[in-house]
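Visitor: I'd like to go over a predicted model; first the sequence, then the structure.
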Amino acid sequence: MSHARPIRIIRPISFSPFDILRGLRELWQYRDLFHTLTVHRIKVRYKQSVLGLAWAILQPLSLMLIYTVIFSVIAKVPSEGVPYSVFAYAALLPWTFFSSSLTNATQGLVSHSQLVTKVYFAREILPLTYVSAALFDFAVATTFLIALFFYYGVHLSVYALYAIPIMILLTALATMFSLFLSAVQVWFRDIGVAMPLLLQLWMFATPVVYPLSAVPQRFRGWYVLNPLVGVIENFRRVVLQGVEPDYQSLAVSAIVAAILLPLTYLYFKRVEATMADVI
Amino acid sequence: MIDLQLNKVSKKYRIRREVDGEQSLVRKLLSIRKRREDFWALKDVSFEVERAEALGIIGHNGAGKSTILKLLSRITTPTGGEIMINGRLSALIEVGSGFHPELTGRENVYLNGSILGMRRREINQKLDSIVEFAELRQFIDTPVKRYSSGMYVRLGFSIAAHLDPDVLLLDEVLAVGDASFQRKCIERITELKKNGTTIVFISHDLRAVQQLCDRVILLKKGQIEADGDPAETIGLYQSLSGQLGGPAAGGWGREPTGEAVVTSLTFYDEHENECLEFETGKPLKAVLNYRVDQPLTDVIFEVQFYSQEGRLCSFFSSETLGGTIDVEPGEGSISFDCSSVGLGPSVYFIDTGIRHRHAPYGVDIDWRRRCLAVRIDYDRHLRDTFYMPYICHHSPPPSFVFSVPIVAKNKDDRA
């Protein structure tokens, strides 16, 4: 045979930080599967649905309408000088990305148990392609934000470019939680059941429907420990207010991601080895 | 050149035992650790496979066959030992498990192909050939949910058959699809083998194993029981299966009533020799000797053939004589003459006995459960599960070589 024959040695599980590199190299080998599965997720979602892609916008949009009625018309929550609907949508956009990533990715391994027990491939692809598919929806839904900006005459500043690193950070956090939750779900199905409730609570613990400034100063120290705070608040801040991000809260999110993402990946790779025995 | 090497490979599973009876949640939680039991699916298994060799692995359910397959294909990890694989390994396990019903055949080729480890470019190149092999050209852009199960299987196998692996793992996959497609699959595998692909074939289908493999390993309780020539290993497996549920396991269905007993059951081949090994399509005779102590009315004598899984496959019954059989005290015999055995190759366990015709099943005068094991062997005329006796006649086209008799017949007509 013409091609090189790779030699593979399979040994019992051992724990080493090099597993991260090994895992990433293997993930790279499966990049085509990653791509195909992402496209597949997007396609399947919109196949045989009348509204198709519009659903990507309709989801955050309907939430925006609900929250606008509750928190602006009824409860008069401050919105930092911009119309509440734009204010809410600008945060719902990244939040919807995060929450739909997690909701789908948590089931990612369990719902593919047929595959997991039959074929080997880098397992992280299953939850992670849900994250990338959600990222696609995010991109689609962004177009509506731009439309809102035109409608309300909001101008983008240079600081809006910060949205890019912020989104990278948010993707890293979504990746981290997706890997962890999908793996735990294999052993404890409670996770999947608890997810909707958990995400609901999480959203209210994150400045989505209210600004960070509305949180009393004395709670703020604890409040920003939620890694989503820095990301969501600053996303809205840079695109809507056109000012510099709040580096302090952003740094908390970045540190959490930098430490926990590699550890989560190691954990995932460790449990991957025996996943098929219990799934 | 060694392509595959297992060195003292072990795999332990933890089995969770269900706690029986009613227990409080607290007690269940407390006993969560205790309820786990270790089970060694494989223990210190070592073997090597040479390049272009076809190795078959056989054994009973739970002997560790599929664990080996799962370890080699990296679905799970060994608890101990080391596995070396030289080259690209592909497993052909339950084709089509990665299909998505909403997507078209073409989309599924890309999806399934990449799950099995093919690069996109590779799939682009092979797409035509895959579709051709699966005989699905007109349906390739139809969602697979509209496919028949045959089409499903064909597409699945076709993708897997185009993987071009260095080492190919095969499961029971050949058991699916129609006969002509199965033949095509075997041809394809033989072709791969000829081109230097190393093959590991794990199956219950002893015929297919014998047909395909150069060497066979017999697993028993997670360890290698035998390793060598296919015919010998398969023979050993069959005789082991025979012993397993054979005379030792025989006994009474229930306490005999004492009215009569089956004194012996003997099988004979076509030359009237006592025998327990037969061939499909060849004659077989079973003779049942009995002794009756009290007069019996309306009884039936039976010999039943059970598969290894305990399924009743066939039986001989004196009911076919018609009328009622009344027996006076004394000794007698009844024989069943079978002109050609219809059962496929395997080991069958025998039940025999005397019962009242109208007695509920299981209430018997004398019943011997699994008292013998009969082995049915390969026959060149049998390719599938059953044999149907037949005689073949050929009427060739009239204008050809055999035209003479027809001319003669015409002459007769004129005369």
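Guide: Looks like it arrived, so ask away. Numbering: from 1, shown residues only, chains lettered A, B, ... in the order given.

Visitor: distance-wise, check the closest residue to B:Tyr13 other than its chain neighbours relative to A:Val69.
Guide: Distances taken as Cβ to Cβ, 6 or more residues apart in numbering or on different chains put B:Phe39 closest to B:Tyr13, at 4.8 Å, once the chain neighbours are dropped. The way it works is simple: take the backbone N, C-alpha and C, and place the C-beta from them, glycine included. Distance of B:Phe39 to A:Val69, computed by Cβ to Cβ, to the nearest Å: 59 Å.

Visitor: does the spatially closest residue to A:Tyr210 that is not a sequence neighbour belong to a helix, a strand or coil?
Guide: What sits nearest to A:Tyr210 in space, not counting adjacent residues and going by Cβ to Cβ, 6+ apart, is A:Val77, at 5.0 Å. Secondary structure of A:Val77, reduced to three states by DSSP: H, G, I helix; E, B strand; the rest coil: coil.

Visitor: tell me the secondary structure at the residue in the stretch 101-250 of chain A positioned nearest to chain B.
Guide: Proximity of the stretch 101-250 of chain A to chain B (Cβ to the nearest Cβ) peaks at A:Tyr120, 3.9 Å away. Using three-state DSSP as the criterion, the local structure at A:Tyr120 reads coil.

Visitor: so for it, what's the pLDDT?
Guide: At A:Tyr120, the pLDDT value in this model is 86.

Visitor: one more: A:Phe188?
Guide: In the prediction, the pLDDT value recorded for A:Phe188 is 88.

Visitor: roughly how far apart are it and B:Asn108?
Guide: If you measure A:Phe188 against B:Asn108 using Cβ to Cβ, the figure is 32 Å.

Visitor: more crowded one of those two?
Guide: Looking at A:Phe188 and B:Asn108 with other Cβ atoms under 10 Å in any protein chain shown, you find the greater number of neighbours at B:Asn108, namely 25 against 10.

Visitor: can you tell me the element the more buried one falls in?
Guide: Using DSSP states H and E, B:Asn108 maps to helix B:105-115.

Visitor: not counting its own residues, what contacts that helix?
Guide: Counting contacts by Cβ atoms under 8 Å, 6 or more residues apart in numbering or on different chains, the residues outside helix B:105-115 that touch it are A:30, A:32-33, A:36-37, A:40, A:43, A:115, A:119, A:121, B:96, B:98-100, B:103, B:120, B:122-123, B:126-127, B:130-131, B:136, B:139-142, B:144, B:147, B:155-156, B:159, B:162.

Visitor: how about it: buried residues?
Guide: Of all the residues in helix B:105-115, those buried under the rule 16 or more other Cβ atoms under 10 Å in any protein chain shown are B:Gly105, B:Arg106, B:Glu107, B:Asn108, B:Val109, B:Tyr110, B:Leu111, B:Asn112, B:Gly113, B:Ser114, B:Ile115.

Visitor: among those, find me the one that's closest to chain A.
Guide: Checking the buried residues of helix B:105-115 against chain A with Cβ to the nearest Cβ, the nearest one is B:Ser114 at 4.0 Å.

Visitor: check the secondary structure at A:Leu65 for me.
Guide: When the structure is split into helix, strand and coil by three-state DSSP, A:Leu65 lands in helix.

Visitor: mind listing what it touches?
Guide: If you count contacts by Cβ under 8 Å, 6+ apart, A:Leu65 has them with A:Ser85.

Visitor: ok, the lengthiest helix in chain A near chain B or not?
Guide: With DSSP state H setting the assignment, residue counts place helix A:247-278 as the longest helix in chain A. Yes: using Cβ under 8 Å from any Cβ of the partner chain, helix A:247-278 reaches chain B at A:Ala273, A:Thr274, A:Met275, A:Ala276, A:Asp277.

Visitor: just give me the closest of the residues you listed to A:Ala90.
Guide: Within the residues of helix A:247-278 next to chain B, the smallest distance to A:Ala90 is 38.4 Å, found for A:Met275 (Cβ to Cβ).

Visitor: helix or strand: which one has the residue nearest to the closest one when sequence neighbours are not counted?
Guide: Nearest residue to A:Met275, sequence neighbours excluded (Cβ to Cβ, 6+ apart): A:Val186, at 5.5 Å. With secondary structure defined by DSSP H and E, A:Val186 is part of helix A:163-187.

Visitor: okay, angle between that helix and helix A:247-278 too, please.
Guide: Interaxial angle, helix A:163-187 versus helix A:247-278 (axes from the mean of the first three to the mean of the last three Cα atoms, to 10 degrees): 30 degrees.

Visitor: who does helix A:163-187 touch, helix- and strand-wise?
Guide: The elements that helix A:163-187 packs onto, with contact taken as 3 or more Cβ pairs under 8 Å, 6 or more residues apart in numbering or on different chains; DSSP states H and E, are helix A:84-108, helix A:125-152, helix A:190-204, helix A:227-236, helix A:247-278.

Visitor: which element follows the helix-or-strand element of chain B with minimal mean pLDDT toward the C-terminus?
Guide: Lowest by mean pLDDT, DSSP states H and E among the helices and strands of chain B is strand B:251-252, with a mean of 41. Elements were assigned by DSSP H and E; along the chain past strand B:251-252, the next helix or strand is strand B:260-268.

Visitor: right, and the helix or strand after that next one?
Guide: Heading C-terminal from strand B:260-268, the first helix or strand you meet, by DSSP H and E, is strand B:277-279.

Visitor: partners of that following strand in the sheet?
Guide: Looking at strand B:277-279 with DSSP bridges, its paired strands and their directions are strand B:366-377 (parallel).

Visitor: got the CA positions of the strand it pairs with in CSV?
Guide: Only the C-alpha atoms of strand B:366-377 are listed here, as CSV (Å, rounded to 0.1, in the frame of the first residue of the first chain):
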residue,chain,number,x,y,z
ASP,B,366,-41.6,-40.1,30.7
TRP,B,367,-39.6,-37.1,29.3
ARG,B,368,-35.9,-36.8,28.8
ARG,B,369,-34.7,-33.2,28.5
ARG,B,370,-31.6,-32.5,26.4
CYS,B,371,-30.6,-36.1,26.6
LEU,B,372,-28.3,-36.0,23.5
ALA,B,373,-26.6,-33.6,21.2
VAL,B,374,-26.6,-34.1,17.5
ARG,B,375,-24.2,-32.3,15.3
ILE,B,376,-25.2,-31.4,11.7
ASP,B,377,-22.3,-30.6,9.4
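
Visitor: out of the contacts of helix B:105-115, list just those in helices.
Guide: A:32-33, A:36-37, A:40, A:43, A:115, B:120, B:122-123, B:126-127, B:130-131, B:155-156, B:159.

Visitor: all good on my end, thank you.
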